[in-house]
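K.L.:
What follows is a predicted protein model with its sequence.
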Amino acid sequence: MRIISYRRLREYSENEKALAIVEELMHRSDRSPEENELYELLITLIEKFEQDYYQPSSTINPQSMLLFLLEQRSLSIQDLMRFLGSDAIVEDLMNGVQSAYSVFDIHLGQDGNGK
């Protein structure tokens with residue numbers, strides 16, 4: 001009997017790799033018993049990752065949400081600094097000194113459309 005070593009998926013890229021393997025295994029009609037075990041294990045790990053990663057908990061803070069949104073759009077803190085035009089504003093935002101609402105209201109205008 002072969003023992004499969006596994007660990008929790010911690011990053012989006014790891015989840016994507018696991019999804020690709022599951023996709024491949026899903027379409028195989030002649031999976032071995034080991035491949036069936038791997039398939040079931042990966043599904044469990046993916047479900048756990050997605051539950052933790054995509055379903056905000058009550059402990060989520062605005063800074064974590066902002067970082068999550070930047071990551072989802074393949075953007076960085078530096079991109080946000082360029083958008084807002086100020087390193088200090090982004091630092092205050094990430095340190096919780098200023099709220100995202102106040103920063104974006106000032107930057108975009110009171111109605112949120114830049115008017």
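P.N.:
Done, it's in. Numbers count the residues shown, from 1 in each chain.

K.L.:
C-terminal to the lengthiest helix in the chain, what's the next element?
P.N.:
Identified as the longest helix of the chain according to DSSP state H is helix 33-54. Per DSSP states H and E, the first helix or strand lying C-terminal to helix 33-54 is helix 62-72.

K.L.:
Can you mark which positions in the following helix or strand past that next one are buried?
P.N.:
Sequence-wise, the next helix or strand downstream of helix 62-72 (DSSP H and E) is helix 77-84. Buried positions in helix 77-84, judged by neighbour count with 16 or more other C-beta atoms under 10 Å: 80-81, 84. C-beta here means a position set from N, CA and C on the backbone, and glycine is covered the same way.

K.L.:
same thing with stretch 20-38?
P.N.:
22, 25, 38.

K.L.:
what's the pLDDT at the residue nearest the centre of the chain?
P.N.:
Centroid-nearest residue in the chain: Phe68, 5.2 Å away (criterion: C-alpha atoms, centre = their mean). Listed pLDDT for Phe68 reads 82.

K.L.:
Pull up the gap between it and Tyr53, please.
P.N.:
8 Å (C-beta to C-beta, to the nearest Å).

K.L.:
same question, Ser32
P.N.:
Per C-beta to C-beta, Ser32 is found 30 Å from Tyr53.

K.L.:
how's this protein carved up into domains?
P.N.:
Domain segmentation of the chain under automatic domain parsing yields 12-54, 62-108.

K.L.:
In CSV: these, plus distance to Tyr6.
P.N.:
As requested, the domains of the chain are exported to CSV (distance: least, C-beta to C-beta, whole Å):
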stretch, distance to Tyr6
domain 12-54, 6
domain 62-108, 24
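
K.L.:
which one of these has the lowest average pLDDT?
P.N.:
Lowest mean pLDDT of the domains of the chain: domain 62-108, a mean of 79.

K.L.:
Run the chain-centre distance for it.
P.N.:
Distance of domain 62-108 from the chain centroid (C-alpha atoms, centre = their mean, to the nearest Å) equals 16 Å.

K.L.:
Stretch 33-49 too?
P.N.:
20 Å.
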